[in-house]
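J.: Here is my input; please provide its structure:
(one chain, ligands or ions: 1)
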Amino acid sequence: MTEVLRTLKQPLTLGEWHLPEGHSVAVATALIHADPELYPEPHAFRPDRFRSFQPRPWEYLPFGGGIRRCIGAAFATHEMQQVLGVLLDGLDVTLASPHPATPVRRSITMAPSEGVRARCALRAQADRGTVAQGGGREA
Ligand code: HEM
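T.: Numbers count the residues shown, from 1 in each chain. Next up is the predicted model:
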């Protein structure tokens, strides 16, 4: 899946491919993000991997790249940090769905086909503050 598209204003040679002016090219972001050479066990949910791996712009591009890169990237990242920080600091969330989720395309993004059921329990006051809010980085 990709939504990073460009129309060639002039012919382009890309490896063995000779592409004429006017053709559309797309960056296969999902394939890049699933490259095991960059992301070992790419389908494992392991956000900690970004602590030790600082991808270059062409290795991690959920917001596209270049001059048409998403103008909402900083806002969306900040919003995610704030919302997830509050939710995860106040709740213990565990998976309640009996089956693994199947990712499907939904408009311009990917989502679990049947939704995902989660069990949320309020965290004890003493356990709060262990999830850092903000201070993260965009990519
Ligand atoms: C997690 C949230 C978001 C994701 C993953 C996302 C992703 C993207 C991607 C992949 C592109 C295409 C970039 C390219 O072609 O290089 C894009 C473009 C764009 N996004 Fe976002 N976006 C997000 C949130 C937002 C928000 C919150 C706004 C506005 C407040 C926004 C406004 C735009 C606009 C206006 C463009 C077109 C930019 C242009 O063509 O010059 N996006 N976004």
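J.: Domain-wise, how is this structure divided?
T.: Following automatic domain parsing, one finds the domains of the chain at 1-70, 71-139.
J.: Is the longest one in proximity to the ligand?
T.: Think domain 1-70. Yes - applying C-beta under 6 Å from any ligand atom, one finds that domain 1-70 is in contact with the ligand at 3-4, 62-66, 68-70. Quick note: C-beta positions are derived from backbone N, CA and C, even for glycine.
J.: picking up where we left off before, output the domains of the chain as TSV; include the columns mean neighbour count.
T.: Below are the domains of the chain laid out as TSV (neighbours: other C-beta atoms under 10 Å):
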stretch	mean neighbour count
domain 1-70	12
domain 71-139	11
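J.: Could you spell out the sheet neighbours of the lowest-mean-pLDDT helix or strand in the chain, each with its direction?
T.: Ranked by mean pLDDT, DSSP states H and E, the helix or strand of the chain with the weakest confidence is strand 109-112, at a mean of 86. Paired neighbours of strand 109-112 in the sheet (DSSP bridges): strand 103-106 (antiparallel).
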